[in-house]
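Visitor: Generate a structure from the sequence data that follows.
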Amino acid sequence: MKTKDLDSLAQTLVQSVESPIPRPSGGGSPQGFPQDLWKTPCYASLTMTHERILLIEDEPDIAEVLQYNLEKEGFAVETARRGDSGLEAVRREAPDLILLDLMLPGMDGLELTRLLKRDGTTARVPIVMLTARGEEVDRIVGLELGADDYISKPFSPREVVLRVKAVLRRKKPEPTPSDREPDLAVGGIQLDVAGHQLRIRGEEIPLTATEFRLLRLLMERAGRVQTRGQLLTDVWGYAEDIDSRTVDTHIRRLRRKLGPEADRIETVIGVGYRLRP
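Guide: Coordinates of the predicted model:
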């Protein structure tokens, strides 16, 4: 590519960050974008979408705003307005992440989550729930069913995008035998890191992926206080300035699963949490 073409491409890309280039539905290069530059591999790789989001939301205004903001960040977004049609979409082609409203016609979000997590072909698809502020019980049930996170309405599109990115970043391949890490043990809590298993005084206890990461971090840092901001950053990958009750909800769920060892997770008022050695 000639130097003048590179300069033109650079200028166009800078402008696209500030004002994303609209892409025609019929294909081809956007209006005003040089056809030869549009076809170059360097631009094609920058505009290629790698991750698919299935947005299941029955409120048109919310769905439109979320779809716009997610697509602006490079995601491919498919929408469904009913729970049953959302289930069909997942089974037709599993997305990289599901953004799921709880109050849906046809099938509610909790039932949809239950069906997806019981199906081996869709059980590992991350789910982020969209909930009303008064649905505390539903949030807890959703997390227990295996949802990765929840976002309370009303929310900002920026927060949704950040959380979606954070959940997708946490999707990592399962460890291979050569990557095996040492098990962790604190009191009656035994954590098989490579096998992703928890045993409490010899009894195996199932954990969601997020609960496992949270417990592992607390055990690795046993005796040290972890602020909510630290946990949001290190476990969820969120910026500390995001206001979230996710940590408190997961700690409460984790304590219930730890049973006789629950008291080892201590609340440090006004600061955060600590696992007692």
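Visitor: So, low pLDDT: which residues of the stretch 101-250 of the chain?
Guide: Scanning the stretch 101-250 of the chain for pLDDT under 70 picks out the ranges 133-136, 172-181, 239-244.
Visitor: Strands of that one, start to end?
Guide: Secondary structure of the stretch 101-250 of the chain (DSSP state E, counting those that start in this stretch): strands at 127-132, 149-153, 184-186, 189-192, 197-200, 203-205, 226-227.
Visitor: Arg170: which of these is closest?
Guide: Of all the strands of the stretch 101-250 of the chain, strand 149-153 sits nearest to Arg170, with 9.8 Å by Cβ to Cβ. Glycine gets a C-beta too; all of them are placed from N, C-alpha and C.
Visitor: quick one on the thing from earlier: deepest of the strands of the stretch 101-250 of the chain, which one?
Guide: The highest mean neighbour count among the strands of the stretch 101-250 of the chain, using mean count of other Cβ atoms under 10 Å, belongs to strand 127-132: a mean of 22.
Visitor: Quick check: the closest residue to Ala63 other than its chain neighbours vs Ala209, distance?
Guide: Counting by Cβ to Cβ, 6 or more residues apart in numbering, Ala63 lies nearest to Glu57, which is 4.3 Å off, once chain neighbours are set aside. Glu57 sits 24 Å away from Ala209, going by Cβ to Cβ, to the nearest Å.
Visitor: Between these two, which has more neighbouring residues?
Guide: Neighbour count, other Cβ atoms under 10 Å: between Glu57 and Ala209, Glu57 has more, with 23 against 16.
Visitor: can you give me phi and psi for the more buried one?
Guide: Dihedral pair for Glu57: phi -150, psi 130, per degrees, to the nearest 10.
Visitor: Please parse the protein into its domains.
Guide: 52-169, 177-275 (automatic domain parsing).
Visitor: Of these, which stretch is the most buried?
Guide: domain 52-169 (a mean of 18).
Visitor: first to last residue in it, what's the distance?
Guide: End-to-end span of domain 52-169 (Cα to Cα, to the nearest Å): 14 Å.
Visitor: Measure how far it is from the centre of its chain, please.
Guide: 10 Å (Cα atoms, centre = their mean, to the nearest Å).
Visitor: do stretch 255-264 as well
Guide: Worked out by Cα atoms, centre = their mean, stretch 255-264 lies 26 Å from the chain centre.
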